[in-house]
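In: Give me a model of this one.
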Amino acid sequence: MILVIDAGNTRIKWGLHDGAAWRAQGRAAHADVASLCAALADLPKPTRIVVSHVAAAPLYDALVQALAQFDLPLRRVYACARQCGVENGYADPAQLGADRWAALIAAQHLAGGTQLVVNAGTALTVDALHAGRFLGGLIVPGYHLLGNALQPVTALPNTTDGRFSIWPDNTRDALETGRLRALAGAVAAQHAQLALHAGTSVGMLLSGGDAARLAPHLPQPLRQVDNLILEGLRIIALETTP
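Out: Numbering: from 1, shown residues only. Below you'll find the model as predicted:
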């Protein structure tokens, strides 16, 4: 019974896996760590707990305290030079976020080959994986951050009710189309660069809270995977001696 927790920039995602399938998955706000434990109360007790944490330090302390009821050590994941069949191409492997590292490991096990690993969350990350090696990647503000970026310095509205349009003819549609084009453009540029580097076709794995919103604007084919980070944490847990 493996409990995996992804403490991200905006919320906490978790999943309980029994070795064959996910028993349950959920999410909680940073301020509501107690709800995670309440959700687990009626589920089997975990035998391992694996955590990816990229949020502020106090949240990790809160997780440790809340999960003390299980009397298990929390295995905190850090990126390293090589793990679970993936080589880390970062100049300093430890600087890569644990969430991105877990997603790359999941991508290698789910698809392999040449993949662009895209997570559309608070930030948009676009990471290149080729022949088991992470080549590098981008971090750009995500959909909601882009939507708020102009408001402090302009009179433009802070809105998410615009519609995508090839030729926007009003401000709300211009803002919506602009942010989607900006995000999709970053992905498309890396997709083309990876295809050139690898000399082969490129697959794409897409995850994150804004994945469905972004998917229609991205290069095809792509595979949308819910909770790719949790899947990677599960794989890491299986390679780890409890």
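
In: Only C-alpha atoms from now on, for both contacts and neighbour counts.
Out: Fine.

In: which SS class is the most centrally placed residue in the chain?
Out: For the chain, the residue nearest the mean C-alpha position is residue 119 (4.4 Å; Cα atoms, centre = their mean). Secondary structure, DSSP: H, G, I helix; E, B strand; the rest coil: residue 119 is strand.

In: so who does it touch?
Out: Residues near residue 119 by Cα atoms under 8 Å, 6 or more residues apart in numbering: 125-126, 206-208, 211.

In: One more: residue 177?
Out: With Cα under 8 Å, 6+ apart, residue 177 has these contacts: 162-166, 168.

In: which helix is the longest one in the protein?
Out: If you go by DSSP state H, the chain has its longest helix at helix 171-198.

In: now the helix or strand just after it and helix 171-198, what's the angle there?
Out: For helix 171-198, the succeeding helix or strand toward the C-terminus, using DSSP states H and E, is strand 203-207. Per axes from the mean of the first three to the mean of the last three Cα atoms, to 10 degrees, the angle that strand 203-207 makes with helix 171-198 is 140 degrees.

In: Three-state assignment for the residue lying farthest from the centre of the chain, please.
Out: Distance from the centre of the chain peaks at residue 169, with 33.6 Å (Cα atoms, centre = their mean). At residue 169 the chain is in coil, as set by three-state DSSP.

In: How much space separates it from residue 162?
Out: 11 Å (Cα to Cα, to the nearest Å).

In: phi, psi of residue 167?
Out: Phi and psi for residue 167, reported as degrees, to the nearest 10, are phi -130, psi 80.

In: Before we move on, what's the pLDDT of it?
Out: pLDDT, residue 167: 96.

In: Look at it and say how many residues are nearby.
Out: Number of residues near residue 167 (other Cα atoms under 10 Å) recorded here: 9.

In: Also residue 103?
Out: Counted with other Cα under 10 Å, residue 103 comes out at 24.

In: Break down this protein into its strands, ranges please.
Out: Secondary structure of the chain (DSSP state E): strands at 2-7, 11-17, 22-29, 48-53, 74-76, 82-83, 86-88, 114-120, 123-130, 133-141, 203-207, 223-224.

In: I'd like the ones you listed as a markdown table, with mean pLDDT appended.
Out: Formatted as a markdown table, those follow (pLDDT from 0 to 100):
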| stretch | mean pLDDT |
| --- | --- |
| strand 2-7 | 96 |
| strand 11-17 | 94 |
| strand 22-29 | 92 |
| strand 48-53 | 96 |
| strand 74-76 | 94 |
| strand 82-83 | 97 |
| strand 86-88 | 98 |
| strand 114-120 | 97 |
| strand 123-130 | 97 |
| strand 133-141 | 97 |
| strand 203-207 | 98 |
| strand 223-224 | 97 |
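
In: can you redo those as CSV with distance to residue 175?
Out: Output for these, formatted as CSV (distance: least, Cα to Cα, whole Å):
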stretch, distance to residue 175
strand 2-7, 30
strand 11-17, 25
strand 22-29, 28
strand 48-53, 32
strand 74-76, 39
strand 82-83, 41
strand 86-88, 36
strand 114-120, 18
strand 123-130, 18
strand 133-141, 15
strand 203-207, 23
strand 223-224, 25
